[in-house]
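J.: Sequence first, predicted coordinates after that:
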Amino acid sequence: MTSDKITIVEAPQGESGTGYFATNLDKAIGLARKNSLWPLPFATSCCGIEFMATMSPHYDLARFGMERLSFSPRQADLLMVMGTIAKKMGPILQEVYVQMAEPRWVIAVGACASSGGIFDTYSVLQGIDRVIPVDVYVPGCPPRPEQIINGIIKIQELVHNESGRRRYSPEYKELLAKYGIE
Ligand code: SF4
């Protein structure tokens, strides 16, 4: 696809005048983080294939500053869980989450990751929010790449508007404590 249009990232809200522009640190950091997320794809089954399509040239996730996938939790800030998660995989998923540095965000991609999907059985986790906090849920079995991209845009909105102090708040610590995460 060729295009002679140049996309200019919108400046954060602030004060401007001749020769100057001022904003606050939270907004500047939010803008940078939003456009440079490093996702960790935790893909266990069919939804992972949709993610591969989302990465491919037709949908091109690189447009969102996300061409750099990380398979090390320590170098990722967006955990994308795609596929059926067995109960015995729950502690492993939580361990991956814990190894990610703050700030970190989570997307549950597809019905299985969000709620267990069609697998209402003894062995399948009925949603990854039983073991880790989730920021955005993407419905579908499987979701189309457009839906995954929509989920990523929602995450970008969260990242852009999140206060730098949120991770130190008592509410956030309380949320993690519910999952047994310090
Ligand atoms: S939601 Fe559907 S497509 Fe995705 S992993 Fe589950 S069964 Fe497969």
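T.: Thanks, I have the structure now.

J.: and residue 88, that's in a helix?
T.: Yes: Residue 88: assigned to a helix according to DSSP: H, G, I helix; E, B strand; the rest coil.

J.: what about it, neighbour count?
T.: Residue 88 has 9 neighbouring residues, counting by other CB atoms under 10 Å. For every residue, glycine as well, the C-beta is placed using N, CA and C.

J.: Residue 47 now?
T.: With other CB under 10 Å as criterion, residue 47 counts 27.

J.: how much space between residue 40 and residue 164?
T.: 22 Å (CB to CB, to the nearest Å).

J.: More neighbours: the two, which one.
T.: It is residue 40, of residue 40 and residue 164, that has more neighbours when counted by other CB under 10 Å, with 24 against 14.

J.: Looking at the closest residue in space to that one that isn't next to it in sequence now. What's its pLDDT?
T.: What sits nearest to residue 40 in space, not counting adjacent residues and going by CB to CB, 6 or more residues apart in numbering, is residue 76, at 3.7 Å. pLDDT recorded at residue 76 is 95.

J.: residues touching residue 76, list them.
T.: With CB atoms under 8 Å, 6 or more residues apart in numbering as the criterion, the residues that contact residue 76 are 38, 39, 40, 70, 100, 104.

J.: residues touching the second one, list them.
T.: Contacts of residue 39 were listed using CB under 8 Å, 6+ apart, and they are 66, 69, 70, 76, 78, 79, 80.

J.: so which of these would you say is closest to the ligand?
T.: residue 80 (12.4 Å; CB to the nearest ligand atom).

J.: so who does the closest one touch?
T.: Neighbouring residues of residue 80 by CB under 8 Å, 6+ apart: 39, 40, 41, 42, 43, 51, 106, 107, 109.

J.: same thing with residue 172?
T.: Residue 172 is in contact with residue 166, counting by CB under 8 Å, 6+ apart.

J.: any idea how far it lies from the ligand?
T.: Distance, residue 172 to the ligand, using CB to the nearest ligand atom, to the nearest Å: 29 Å.
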